[in-house]
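Trainee: structure here, sequence nowhere to be found:
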């Protein structure tokens, strides 16, 4: 009876309180069944109505005897528990159709008491309020997307309820919120890019002239694939608190968004257009026409899949970086970055050389070098990427490198934009505002669809690769734990220690340990009196408002 309790009210942690004080909160109605409570020994926050010790303090749910004649009276209906889906209606003061009531047990309808069906005709929506709430939500997503530490990603009240109900707290909860932000932003860019591409294809009727029926269908397949990726991103963002279900949507969307374009580029050109074959045409002329047609479609396919190819390896780097930030003790993300960054630079270097010898503009060359080569700065801290980080100052060093990479990338993009607006081709600007003096105008749909598709795919595949890297890290850790319990682990340790001098490296100052002690001794490789990244007294309640 001397156990100390904590409870949540309005998104804040209150306590410690005794069981009697908690009973007084319940009997007075200030603490309901759906509110969250915690005491030492619990794995996490639990709804008060699910704690056996507190059930006798709540009123009976069934009919009760009241009145002089013993007539039956029923208690008022309970509010839905925290984390249950709110009523999707629209009401004044609530852009989402529901509002959170900290004094009650979670969500309630914005129309009034109870949570039954809303009226058939609701009040009109205030467009200014809707735009303000939408802008605040987008700003919140962008802040989470660029948050340097998981501690900076703090859930909103309604998100906290869903996370607690799903059993996500601390870093897993912060990771789920980062995924949600990245997916929402990716769906916005990819959805808008796919829509602009569809509008362009519908308006450009000349582009469909001479195409076969299959060619017309395949022409619309790329923007439809982009819209499909945006749809799966929306579905995955809605299930942000269900990591398993959300990952399935991302995996299916990524597979289709990657597989369909790569399969489409190998479609024979003869399927797209009917080559006229008249009796007067010779075999050589027909073959030459087919060769030119294949070359034309090959260049068109190259421009079509360029955003996809350019986004994959940077997305892998971003995904690895995020897992390293959320789980500093992991080593798989660091090795993924070391492998992907040089590969991306080497693959794009050939294109860079071609552009340089074709155009020969120093401004363009510098902008591309900064944009492509900026991630190489991560390799200057490779020793921090490939080993477990136990202290906050080590993470701060990596975050400093990330800021340098971001600065170089932004400078490269600014220089690229300056080049596009100043470069001239045959006395005409490459990009401009005047249709008569510029080859491409800034309002050209194709230009904006290109960069928006690139950003959308980059963020979408960043989430996909982050999920995959996290799964690989878990399986690596799991297999390592199993291996450390086997007698072969000692032999492997001896082999590695013998190999170290031949490679010019120093073995760790820890002797090989028996299998039964190997798991415990593996944490003794690096001990220092500095403050670790994660430290929390077990007698304190789990974090309620954020990781």
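Mentor: Everything's here; your move. Being a predicted model, the structure only gives us computed values, none of them experimental. Numbers count the residues shown, from 1 in each chain.

Trainee: got the domain ranges for this structure?
Mentor: If you go by automatic domain parsing, the domain ranges for the chain are 5-58, 147-470.

Trainee: lowest average pLDDT across those domains?
Mentor: Note on the domains of the chain: domain 5-58 shows the lowest mean pLDDT, a mean of 81.

Trainee: now that domain: how far from the chain's centre is it?
Mentor: Taking Cα atoms, centre = their mean, to the nearest Å, one finds domain 5-58 lying 34 Å from the centre of the chain it belongs to.

Trainee: go through the domains of the chain and name the closest to residue 482.
Mentor: Of all those, domain 147-470 sits nearest to residue 482, with 16.7 Å by Cβ to Cβ. No exception for glycine: its C-beta is placed from N, CA and C like everyone else's.

Trainee: would you work out how far apart the start and end of the closest one are?
Mentor: End-to-end distance for domain 147-470: 19 Å, by Cα to Cα, to the nearest Å.

Trainee: I'd guessed residue 463 sits against residue 179; true?
Mentor: Yes - when contacts are counted by Cβ atoms under 8 Å, residue 463 is listed as touching residue 179 (5.3 Å).

Trainee: now do the shared contacts for these two.
Mentor: Counting by Cβ atoms under 8 Å, 6 or more residues apart in numbering, the shared contacts of residue 463 and residue 179 are residue 236.

Trainee: who has more neighbours, those two?
Mentor: Neighbours around residue 463 and residue 179, counted as other Cβ atoms under 10 Å, are more numerous at residue 463. The numbers are 28 against 25.

Trainee: if I pick the more buried one, what's in contact with it?
Mentor: For residue 463, the contacting residues are 179, 182-183, 186, 236, 250, 319, by Cβ under 8 Å, 6+ apart.

Trainee: what about residue 389, is that helix, strand or coil?
Mentor: coil (DSSP: H, G, I helix; E, B strand; the rest coil).

Trainee: could I get the full set of strands for the stretch 51-200 of the chain?
Mentor: Taking DSSP state E, counting those that start in this stretch to define them, one finds strands in the stretch 51-200 of the chain at 64-65, 72-73, 98-101, 106-109.

Trainee: on that earlier part again, turn the contacts of residue 463 into TSV, including distance to residue 129.
Mentor: Compiled in TSV, the contacts of residue 463 are given as follows (distance: Cβ to Cβ, whole Å):
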residue	distance to residue 129
179	28
182	27
183	25
186	26
236	28
250	32
319	36
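
Trainee: show me the two of those residues that sit farthest apart.
Mentor: Pairwise distances across the contacts of residue 463 (Cβ to Cβ) peak at 14.5 Å, for the pair 236 and 319.

Trainee: out of those two, which sits in the busier spot?
Mentor: Higher neighbour count among residue 236 and residue 319: residue 236, with 31 against 25, using other Cβ under 10 Å.

Trainee: that one: which element?
Mentor: Using DSSP states H and E, residue 236 sits in helix 221-238.

Trainee: now that helix, how far from the centre of its chain.
Mentor: With Cα atoms, centre = their mean, you get 14 Å for helix 221-238.

Trainee: now stretch 181-196
Mentor: With Cα atoms, centre = their mean, you get 13 Å for stretch 181-196.

Trainee: list the buried residues in that stretch.
Mentor: Across stretch 181-196, burial judged by 16 or more other Cβ atoms under 10 Å covers 181-196.

Trainee: state the pair within those that is farthest apart.
Mentor: 181 and 196 (23.2 Å).

Trainee: what about the residue nearest to residue 496 when sequence neighbours are not counted, how many neighbours?
Mentor: Nearest residue to residue 496, sequence neighbours excluded (Cβ to Cβ, 6 or more residues apart in numbering): residue 507, at 7.3 Å. Applying other Cβ under 10 Å, we find 13 residues neighbouring residue 507.

Trainee: quick one: contacts for residue 507?
Mentor: Counting by Cβ under 8 Å, 6+ apart, residue 507 has contacts 496-497, 500-501.

Trainee: from residue 233, how far out is the residue nearest to the spatial centre of the chain?
Mentor: Central residue of the chain (Cα atoms, centre = their mean): residue 179, 2.8 Å from the mean position. Using Cβ to Cβ, to the nearest Å, residue 179 is found at 10 Å from residue 233.

Trainee: that concludes my questions; thank you for your assistance.
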